[in-house]
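*Asks:* Fold the following and give me the result.
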Amino acid sequence: MPNTSNVKVNYPSLGMDFVYDADGRYTLNGTVYNDPTSFLSAVGGSFTRSSVATYFDSAGVLQTAASGVPRFDYDPIILQPKGLLIEESRTNLFINSAAFNLWNQTNTTITANTTTAPDGTTSADTWTRNSTSSSYIGQSISKSASALTYTQSVYAKKNVGNYIAIRMQGAYPARADMVANLNTGTISTTASGVSGFTSASGGIQNVGNGWYRVTLTATTDTATTVAMYISFNSGGGVLDATDTVSNSSGYLWGAQFEQASTASSYIPTTTVAVTRAADTFTVPTGSWFNSSEGALSINALNGVKLNTVGIVSIDQSAFGGENRISLIRTSATNIEASVRASNITQFVTTMSGNGNNALNKIGLGYKLNNFRLALNNTLGGLDTAGTIPTVDTLRLGAWGTPGGNIYNGWIQKMKYYPARVSDTQLQLTTQ
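*Replies:* Model (predicted):
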């Protein structure tokens with residue numbers, strides 16, 4: 001705990017609190033705004049996403065945000081705010097994502113729209129086994145003749161029997177299998193690949209009311225098609241195993257197939273594949289900004305690490321990464337502070353923080369020949385050499401090339417101080 005006696009406190013000239021309430025709370029040079037639209041209008045900033053997108057609301061119900069509307073996402077189980085969801089663009093490659101009666105069926109009956117789905121509508125389907133023999137539904141897509149990484153996901157709920165088996169398959173027997181227990185919300189058979197399928201992994205997420213989102217990621221073989229198969233059973237076997245009873249059943253909703261190593265928020269489809277556009281949140285520098293010194297404080301809730309991604313950056317929009325002050329997630333746990341001027345690194349340091357689906361509280365103080373990072377109540381080392389770049393735009397959840405290296409996580413709070421605050425205050429911002 002830092003010693004706070006005789007500490008001179010500096011106040012932020014720009015503040016964004018995305019977990020304050022359903023619309024957030026914002027400050028600009030002491031003036032308070034209670035919704036993002038009025039704040040962005042006052043500061044000259046923008047939020048863009050050229051498509052609809054989904055999120056969970058404060059009641060744990062999956063909702064759809066209109067094009068250009070920020071998503072204030074909630075944990076669907078504990079109903080606590082997660083923050084502003086910032087995601088890269090993704091495509092659901094499957095059609096009829098919630099119409100399983102239109103999928104290929106083997107020894108299976110699909111009854112459409114029988115129960116309440118995670119979005120609160122009566123749009124979930126009942127899957128029922130017709131035999132103890134191999135029973136499943138499936139859908140396939142075309143792909144290039146190369147090994148590619150995909151993630152498939154589906155919302156599932158138990159009915160008769162506890163298990164759901166999912167498979168990603170190329171040219172049989174090339175495949176990856178996983179089985180989940182929908183009674184305990186656990187993986188009962190760990191994801192594994194054979195005959196050219198590699199790097200298989202899986203997960204299960206409780207989304208409330210008995211529903212789970214089950215995911216399977218794998219790198220495929222070089223076949224020119226890849227398929228997703230789904231089956232429910234009572235015995236706990238993989239997809240094509242014989243079941244112990246002939247009437248195992250369960251509920252399905254919201255299937256998704258993405259060319260990526262993680263699942264993103266659900267993208268509904270009907271007759272064609274659908275792309276969700278990227279979220280971008282930018283604020284131009286203005287009266288709130290000091291061009292010679294400052295400090296950033298941000299609380300960021302990680303998603304699942306994809307690559308090097310931006311948490312927040314103040315940069316020169318016309319020159320990409322040449323001039324910037326950035327906080328970057330460089331690995332599952334590492335947070336990097338980086339300052340570059342005229343494409344020359346002035347300051348760079350890395351500290352180890354919290355990993356996937358965990359919160360990091362980060363602070364960065366800077367002025368000429370004085371740079372320091374703080375992370376989760378720990379101060380990093382002081383750097384006493386470096387200049388300050390010329391910048392014009394603050395970006396949340398991105399860095400480098402404008403619109404690139406998107407965070408794929410949640411921003412909870414951000415403050416900018418127009419002064420290089422003391423080390424004690426910098427550390428306090430990360431408690």
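
*Asks:* where along the chain do the helices fall?
*Replies:* 36-43, 423-428 (DSSP state H).

*Asks:* per the record, what domains does the protein have?
*Replies:* Annotated domains of the chain cover 14-88+278-428, 91-275 [automatic domain parsing].

*Asks:* Please produce a markdown table containing those domains, extended by mean neighbour count and mean pLDDT.
*Replies:* Bear in mind the C-beta positions are built from the backbone N, C-alpha and C, glycine included. Output for the domains of the chain, formatted as a markdown table (neighbours: other CB atoms under 10 Å; pLDDT from 0 to 100):
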| stretch | mean neighbour count | mean pLDDT |
| --- | --- | --- |
| domain 14-88+278-428 | 19 | 95 |
| domain 91-275 | 19 | 98 |
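
*Asks:* For residue 415, which of the helices of the chain is the nearest?
*Replies:* Among the helices of the chain, the nearest to residue 415 by CB to CB is helix 423-428 (11.1 Å).

*Asks:* Export the closest one to PDB, keeping only CA atoms.
*Replies:* Coordinates of each C-alpha in helix 423-428 appear next as PDB, following Å, rounded to 0.1, in the frame of the first residue of the first chain:
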ATOM      1  CA  ASP A 423       4.300   7.700  -8.500                       C
ATOM      2  CA  THR A 424       2.200   7.400  -5.400                       C
ATOM      3  CA  GLN A 425      -1.000   8.600  -7.200                       C
ATOM      4  CA  LEU A 426      -0.100   6.500 -10.300                       C
ATOM      5  CA  GLN A 427       0.100   3.400  -8.100                       C
ATOM      6  CA  LEU A 428      -3.200   4.300  -6.300                       C
END
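
*Asks:* how much distance is there from it to the middle of the chain?
*Replies:* Distance of helix 423-428 from the chain centroid (CA atoms, centre = their mean, to the nearest Å) equals 29 Å.

*Asks:* Can you name every helix or strand that it contacts?
*Replies:* Helix 423-428 is packed against strand 293-301, strand 359-367, strand 370-375, strand 378-379, with contacts defined by 3 or more CB pairs under 8 Å, 6 or more residues apart in numbering; DSSP states H and E.

*Asks:* Tell me which of these sits nearest to residue 393.
*Replies:* Smallest distance to residue 393 across those (CB to CB): 13.9 Å, for strand 293-301.

*Asks:* Run me through the strand neighbours of that closest one, direction for each.
*Replies:* strand 359-367 (antiparallel), strand 409-417 (antiparallel) (DSSP bridges).

*Asks:* now the angle between strand 370-375 and it, please.
*Replies:* Inter-element angle recorded for strand 293-301 and strand 370-375: 20 degrees (by axes from the mean of the first three to the mean of the last three CA atoms, to 10 degrees).

*Asks:* and residue 362, how far is that from residue 301?
*Replies:* Distance, residue 362 to residue 301, using CB to CB, to the nearest Å: 12 Å.
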